[in-house]
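**Student:** got a sequence here, can you build the structure:
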Amino acid sequence: MDKTELKRRSQKFAVDIIRFTGNLPNSRELNVLCNQVIRSATSVGANYRAACKGKSTADFINKIVICEEEADECIYWLDLMIEADLVRPTVMAQLRNEANELTAIFTAIGKTAKENQKLKNQNK
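**Tutor:** So this is what the prediction gives:
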């Protein structure tokens, strides 16, 4: 997957979360959880875009790690909605799957970038 496709995919994920939460009933509990999942979901794409414009390899890695953390955080908020019986698991299965895939993608990117940086530093 190239960076343009990952930018598009992470932005689509944010839009899907926004639409999903917009269709949920209004309650104090859901409002809090929706705000949190929207923040983390939108942060994934925003930080990936920033990573692509990174000023250094260290800056890139730092932002990729944030993407990984934010995608994983989305899973947490979605799981809380399920565990609190606020949303049926089947309703959000696709969103949880995408959050898991994005977490794995950013974990792999971060690992590769760290390994490449280590090799680069060893060859100096």
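**Student:** what secondary structure does Asn26 sit in?
**Tutor:** Following DSSP: H, G, I helix; E, B strand; the rest coil, Asn26 is assigned to coil.
**Student:** mind listing what's buried in the longest helix seen in the chain?
**Tutor:** Ranked by number of residues, the top helix in the chain under DSSP state H is helix 93-122. Buried residues in helix 93-122, defined by neighbour count with 16 or more other CB atoms under 10 Å: 95, 98-99, 102-103, 105-107, 109-110, 113. Bear in mind the C-beta positions are built from the backbone N, C-alpha and C, glycine included.
**Student:** the nearest residue to Pro89 once chain neighbours are set aside: which element?
**Tutor:** Ranked by CB to CB, 6 or more residues apart in numbering and with sequence neighbours excluded, the top spatial neighbour of Pro89 is Ile82, at 5.0 Å. Assessed by DSSP states H and E, Ile82 sits inside helix 57-83.
**Student:** helices or strands next to that helix in the packing?
**Tutor:** Counting contacts by 3 or more CB pairs under 8 Å, 6 or more residues apart in numbering; DSSP states H and E, helix 57-83 packs against helix 28-52, helix 93-122.
**Student:** for the ones you listed, give me TSV that also has distance to Cys67 and mean pLDDT.
**Tutor:** Below are the helices and strands packed on helix 57-83 laid out as TSV (distance: least, CB to CB, whole Å; pLDDT from 0 to 100):
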stretch	distance to Cys67	mean pLDDT
helix 28-52	5	97
helix 93-122	4	94
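**Student:** quick check: the farthest pair among the buried residues of helix 93-122?
**Tutor:** Spatially, the most separated pair among the buried residues of helix 93-122 is Leu95 and Ala113, at 26.6 Å (CB to CB).
**Student:** isn't Gln29 right up against Val87?
**Tutor:** For residue 29 the amino acid is Glu, not Gln. No. In this structure, Glu29 is not within contact of Val87 by CB atoms under 8 Å, at 10.6 Å.
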